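Enquirer: no FASTA, just this:
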DNA sequence: CCATTTTGAATGAATGTTCAACAAATGGTG
DNA sequence: CACCATTTGTTGAACATTCATTCAAAATGG
């Protein structure tokens, strides 16, 4: 039991998991809550392994060791290695999705501010750190050849893209720009992914700060009336 | 010598041809080809396998089968699987490098045209096709956790980035723009990589044509005096 | 006939999965 | 509360499979 608590601490230290629901569930249904915690713990260990060793070298044994548990435990909570990886990808996808939606919510009603918040959200520490970027990249590398991953591995889904397009369309009208919203939205979102890619690769000239500078420079160049 | 030509043909045909209709059964078995041709043949088969199965599922047997040769042959021409993969990556790196340098050469002396050609070169069929993009992505996914890959896997190296920065600096002066060349060059090159990423992933809204449109839109937005 | 290239089976290591045994928590019953 | 049965969770060894590598023998070309 004591071990469970400390392990939960480390698992949550890396992320920003809300603490509110945890204790309540534990008191009501200690067993079920413990099950969810274990699964989360194993997912976190999987992200660790993906980040440290890459997709190809990530083994069940490494995940179990990383979580401080025995070898057979992963097949109990997740049926197979593939299902563990899918659950991990789903977890990261949900987290990313919730993050940009929250950022959009906080931005208020001004579309210029909304777009800016959406861009900045991509470089937030909670999302944009070495560990998670490396895990994303590991999945991306396998996504094209694994149909199961394709839907989730984009992280930026169709709806996300549509929000970008709509915002660009709104700014175009209010600013009198001349390009197609779809096209400039694609350029913008592609640049964000490209900046992530550079951060993942650990290219020397790219840090979270310089990446954010570049993103801001794009906004200023494309929407001078709003961000100039 | 004649055989050399035919083998090179099949190797290059796979870039554009949808799939299958490969393997020159005529001259595959028993016949000795020159060492270099065999190695190239195996490298092409490796790219095929990476594109079709991804990094994690690429096996020596699959490479050998794809080349129509026996199992042990890869360890004869390349010492190990790792060295085969490094040679494959080096091959792709060299090809990409030669391609953009040639494009730059052809562009003449006008810096605006040079930058445009550099951007367009990224979406040339010979470089930008499903097979090779998938292979690139497979390497990217493993690069961060494999020091041996890091230098080669960027495809766009430091020199490439410096050329971008210099061109942006020149355009800045002649056009009276206000941003830092380094920053806008990072935004531009990141967008190119991001567009590649979308093409690799097979996102529906992104084709080679729309990607090129987005890249052009970026140029027009960032350098209106030159590309408006 | 010699050097080089190619084959394909053998080998050994790595790894995902299964499972029987064990531990702990839960729920019911007296 | 005490006791036991049952469900749930965990372990670690055994098992089967996959795969890179090795190598002796065969094939090929000069």
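Expert: Here it is on my side, so go on. In this text the structure is predicted, and so the values were computed from the model without any measurement.
Enquirer: mind listing what residue A:175 touches?
Expert: By CB atoms under 8 Å, 6 or more residues apart in numbering or on different chains, the contact set of residue A:175 is A:223, A:224, A:225, A:226. (Glycine included, C-beta is placed from N, CA and C.)
Enquirer: hmm, try it at 7 Å
Expert: Shown in contact with residue A:175 (CB atoms under 7 Å, 6 or more residues apart in numbering or on different chains): A:223, A:225, A:226.
Enquirer: can I get those in a markdown table with neighbour count and distance to DNA strand C?
Expert: Listed next are the contacts of residue A:175 as a markdown table, based on neighbours: other CB atoms under 10 Å in any protein chain shown; distance: CB to the nearest atom of the strand, whole Å:
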| residue | neighbour count | distance to DNA strand C |
| --- | --- | --- |
| A:223 | 23 | 47 |
| A:225 | 11 | 54 |
| A:226 | 18 | 49 |
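Enquirer: could you find the closest non-adjacent residue to the residue in chain A positioned nearest to chain B?
Expert: As assessed by CB to the nearest CB, chain B sits closest to residue A:141 within chain A, at 1.7 Å. Counting by CB to CB, 6 or more residues apart in numbering or on different chains, residue A:141 lies nearest to residue B:141, which is 1.7 Å off, once chain neighbours are set aside.
Enquirer: what helix or strand is the one you found on?
Expert: helix B:130-143 (DSSP states H and E).
Enquirer: right, is whichever helix or strand comes after that helix up against DNA strand D?
Expert: The helix or strand immediately downstream of helix B:130-143 is helix B:147-153, counting by DSSP H and E. No. On the criterion CB under 7 Å from any atom of the strand, helix B:147-153 is out of touch with DNA strand D, staying 13.1 Å away.
Enquirer: likewise stretch A:64-80?
Expert: Yes. Residues of stretch A:64-80 contacting DNA strand D under CB under 7 Å from any atom of the strand: A:69, A:70, A:71, A:72, A:73, A:76, A:77.
Enquirer: out of those residues, which end up buried?
Expert: A:69, A:73, A:77 (16 or more other CB atoms under 10 Å in any protein chain shown).
Enquirer: grab the nearest non-local neighbour of the second one.
Expert: Translated: residue A:73. residue A:64 is the one closest to residue A:73 (CB to CB, 6+ apart), at 5.8 Å.
Enquirer: number of nearby residues for that neighbour?
Expert: 19 (other CB atoms under 10 Å in any protein chain shown).
Enquirer: what do you get for residue A:201?
Expert: Around residue A:201 there are 20 residues (other CB under 10 Å).
Enquirer: contact residues of chain A facing DNA strand D?
Expert: Counting by CB under 7 Å from any atom of the strand, the residues of chain A near DNA strand D are A:31, A:32, A:34, A:35, A:38, A:69, A:70, A:71, A:72, A:73, A:76, A:77.
Enquirer: any idea how far the closest residue to the last one other than its chain neighbours lies from residue A:135?
Expert: Nearest residue to residue A:77, sequence neighbours excluded (CB to CB, 6+ apart): residue A:39, at 5.2 Å. Separation of residue A:39 from residue A:135 (CB to CB, to the nearest Å) stands at 17 Å.
Enquirer: the two - which one has more neighbours?
Expert: For residue A:39 versus residue A:135, neighbours defined as other CB under 10 Å are more numerous around residue A:135 (24 against 16).
Enquirer: ok, now which ones touch that one?
Expert: A:47, A:50, A:51, A:92.
Enquirer: and the two most separated of the residues you listed?
Expert: A:51 and A:92 (11.3 Å; CB to CB).
Enquirer: for the residues of stretch A:64-80 next to DNA strand D, which one is nearest DNA strand D?
Expert: residue A:72 (2.1 Å; CB to the nearest atom of the strand).
Enquirer: got the phi/psi numbers for that closest one?
Expert: Main-chain torsions, residue A:72, degrees, to the nearest 10: phi -80, psi 0.
Enquirer: geometric centre of chain A: which residue is closest?
Expert: Of all residues in chain A, the one closest to the mean position by CA atoms, centre = their mean is residue A:96, 3.7 Å from it.
Enquirer: that one touches residue A:124, doesn't it?
Expert: No. Contact status for residue A:96 versus residue A:124: not in contact, 10.4 Å apart, counting by CB atoms under 7 Å.
Enquirer: quick one: stretch A:149-163 near chain B?
Expert: Yes. Against chain B, stretch A:149-163 shows contacts by CB under 7 Å from any CB of the partner chain at A:154, A:161.
Enquirer: what backbone torsions are found at residue A:70?
Expert: Per degrees, to the nearest 10, the backbone of residue A:70 is at phi -90, psi 170.
Enquirer: try residue A:208
Expert: phi -60, psi -30.
Enquirer: burial check on it, number of neighbours?
Expert: 15.
Enquirer: pop out the phi and psi values for the closest residue to it other than its chain neighbours.
Expert: Distance criterion CB to CB, 6+ apart; nearest residue to residue A:208, sequence neighbours excluded, is residue A:123 at 5.4 Å. Backbone torsions for residue A:123, taken as degrees, to the nearest 10, come to phi -110, psi 20.
Enquirer: likewise for residue A:58?
Expert: phi -80, psi 120.
Enquirer: was I right to think it contacts residue A:49?
Expert: Yes. In terms of CB under 7 Å, residue A:58 counts as a neighbour of residue A:49; the distance is 4.5 Å.
Enquirer: can you list the domains in chain A?
Expert: Following automatic domain parsing, one finds the domains of chain A at A:2-78, A:92-227.
Enquirer: just say which of the ones you listed is most tucked in.
Expert: domain A:92-227 (a mean of 19; mean count of other CB atoms under 10 Å in any protein chain shown).
Enquirer: quick one: it to chain centroid distance?
Expert: 11 Å (CA atoms, centre = their mean, to the nearest Å).
Enquirer: repeat that for stretch A:91-100.
Expert: The answer for stretch A:91-100 is 5 Å, by CA atoms, centre = their mean.
Enquirer: for chain A, what spans make up the helices?
Expert: For chain A, applying DSSP state H gives helices covering A:2-14, A:20-28, A:30-57, A:60-67, A:73-77, A:81-106, A:111-121, A:130-143, A:147-153, A:158-175, A:181-201, A:208-222, A:224-227.
Enquirer: using TSV, please lay out those together with mean pLDDT and distance to residue B:155.
Expert: TSV is the format used below for the helices of chain A (pLDDT from 0 to 100; distance: least, CB to CB, whole Å):
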stretch	mean pLDDT	distance to residue B:155
helix A:2-14	33	31
helix A:20-28	30	45
helix A:30-57	88	18
helix A:60-67	97	29
helix A:73-77	97	36
helix A:81-106	97	26
helix A:111-121	97	26
helix A:130-143	96	14
helix A:147-153	90	21
helix A:158-175	96	25
helix A:181-201	97	10
helix A:208-222	97	19
helix A:224-227	96	31
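Enquirer: the ones you listed: which one's closest to residue B:148?
Expert: With respect to residue B:148, and counting by CB to CB, the nearest of the helices of chain A is helix A:30-57 at 12.2 Å.
Enquirer: could you name the helices and strands sitting against the closest one?
Expert: helix A:2-14, helix A:60-67, helix A:73-77, helix A:81-106, helix A:130-143, helix B:130-143 (3 or more CB pairs under 7 Å, 6 or more residues apart in numbering or on different chains; DSSP states H and E).
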